[in-house]
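Student: Okay, sequence plus prediction incoming.
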Amino acid sequence: METEKPSPPSLLSKAYHDLASYIPASERPDVNKIIQIESNRHLNPSMTEWKGYRFTTPFNAEIVEWHYHNWDPSENDVLIASFPKTEFFC
């Protein structure tokens, strides 16, 4: 008998709660709002655009634009970028 796979919202909830568990309880934020926002984004994907580049869930053009104008890297920051093979999308 095949077991049912967890839904994306339940996977997100577990991941956020697991991550938050590393923060001392007295300082731990309530992660339920971000879980709701992220679950909605994954269940209702959309595409945004900035400077001719299109972004789909989980990426967001507003976040890219903010970082483009505001990110001030620290001396030891490391930036890792990956790009899909374009022929896959043709």
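Tutor: Great, that's in hand.
Student: How about the contacts made by the residue nearest the centre of the chain?
Tutor: With distances taken as CA atoms, centre = their mean, the chain has Pro58 as the residue nearest its mean C-alpha position (4.9 Å). By CB atoms under 8 Å, 6 or more residues apart in numbering, the residues touching Pro58 are 38, 41-42. Yep, even glycine has a C-beta here, placed from its N, CA and C like the rest.
Student: Inside helices: which ones of the residues you listed?
Tutor: 38, 41-42 (DSSP state H).
Student: Wait, Glu49 touches Phe55, no?
Tutor: Yes: using CB atoms under 8 Å, Glu49 is in contact with Phe55, at 7.2 Å.
Student: who has more neighbours, the two?
Tutor: Per other CB atoms under 10 Å, whichever of Glu49 and Phe55 has more neighbours is Phe55, with 16 against 9.
Student: ok so, going back, what residues are shared contacts of Glu49 and Phe55?
Tutor: By CB under 8 Å, 6+ apart, Glu49 and Phe55 have these common neighbours: Ala61.
Student: before we move on, the earlier item: can you verify the residue nearest to the centre of the chain is assigned to a helix?
Tutor: No: using DSSP: H, G, I helix; E, B strand; the rest coil, the secondary structure at Pro58 is coil, not a helix.
Student: So what does it look like in phi/psi?
Tutor: Dihedral pair for Pro58: phi -90, psi 10, per degrees, to the nearest 10.
Student: What pLDDT does the model give it?
Tutor: Pro58 is assigned 73 on the pLDDT scale.
Student: Likewise for Ile23?
Tutor: Note for Ile23: predicted pLDDT of 92.
Student: Ok, Glu27 next?
Tutor: 92.
Student: and it, how many neighbours does it have?
Tutor: A count of nearby residues for Glu27, using other CB under 10 Å, gives 7.
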